[in-house]
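**Student:** model this:
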Amino acid sequence: MTIQKIGGLAGLTCAATYLFGFAFLVTTLAPMGYGTIDIDARAVVGFIDARPGFLILWNSVIYILNALALAVLVVAVHARLRATTPDWAAVARALGLIWAALVIGAGMIGNVAVERAAHLAQTDMDRAVTLWETLHAVELGLGGGNEIAGGVWIGLVSLAGLLGRSLGKITIGLGLLTGAGGLLTLVPALGDSAGAVFGLGAIAWFVAIGMALVFARAPS
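**Tutor:** Next comes the predicted model:
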């Protein structure tokens, strides 16, 4: 199996991790305002105290598993783009690996926040809430609360695919829209809505790029 086909499967894995995250974000985690600016930190820590393993699993899937699959996808996309746009392919590879590093870092910090909050909640709920809020802010800064790195990479890959005619129109269109959504998370007033556009667009784009890599022949 070639690196592009493996990368295609990695892209589909990335889409699956996003779907997993959204499914629980709008159900189990929704009453606490998780993923929004109005998150109830005390309710989250209470949830952690009762079920610490759930958020560790959630963080591990949406961040750590996603980042590992993303790194493979970045290398596979580079292999596809370098035949027609070698310079842009090199830049995209660097930015994509930076994004993967930020995502896995966010996941590790998120899991530490859960572990430490669960420990402190047994004796001092106020300290547990303060600690979780602080570490959660770091987690969001790395990649959970803004999608600038992801938006730049997906947008750049799609632009390179357009210039080199190495990606399909649907993949390119979805990528440019998703990239724009990621960049707009930089605007505080648009943070939640732009994040939703990026997240939903990224699911569709990961599926599109994954299928392109699995089934399409590499350009000569």
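**Student:** Can you tell me what sits against stretch 193-212?
**Tutor:** 8-12, 14-15, 18-19, 21-22, 73, 77, 145-147, 150-151, 154, 157-158, 167-168, 170-171, 174-175, 177-178, 180-182, 184-185, 187 (Cβ atoms under 8 Å, 6 or more residues apart in numbering). Where C-beta positions appear, they are placed from N, C-alpha and C, glycine not excepted.
**Student:** Tell me the buried residues in that stretch?
**Tutor:** By neighbour count with 16 or more other Cβ atoms under 10 Å, stretch 193-212 contains the buried residues 194-195, 197-199, 201-212.
**Student:** Mind checking what helix or strand follows the biggest helix by length in the chain in sequence?
**Tutor:** For the chain, the longest helix by residue count, based on DSSP state H, is helix 86-121. Going down the chain from helix 86-121, the next helix or strand is helix 125-139, by DSSP states H and E.
**Student:** if I look at the residue lying farthest from the centre of the chain, how far off is Ala113?
**Tutor:** The outermost residue of the chain relative to its centre, with distances by Cα atoms, centre = their mean, is Thr123 at 34.1 Å. Look at Thr123 and Ala113: by Cβ to Cβ, to the nearest Å, they are 17 Å apart.
**Student:** that older thread, just the buried residues of the contacts of stretch 193-212.
**Tutor:** Among those, those scoring as buried are 8-12, 14-15, 18, 21-22, 73, 77, 145-147, 150-151, 154, 157-158, 167, 171, 174-175, 177-178, 180-182, 184-185 (criterion: 16+ other Cβ under 10 Å).
**Student:** Residues contacting stretch 177-187, please?
**Tutor:** Contacts of stretch 177-187 (Cβ under 8 Å, 6+ apart): 145-156, 158, 190-191, 194-195, 197-198, 201-202, 204-205.
**Student:** Quick one: classify Leu186 as helix, strand or coil.
**Tutor:** coil (DSSP: H, G, I helix; E, B strand; the rest coil).
**Student:** Look up phi and psi at it.
**Tutor:** phi -70, psi -20 (degrees, to the nearest 10).
**Student:** Check the gap between Ala16 and Val129 for me.
**Tutor:** Distance of Ala16 to Val129, given as Cβ to Cβ: 32 Å.
**Student:** likewise His136?
**Tutor:** Distance, His136 to Val129, using Cβ to Cβ: 10 Å.
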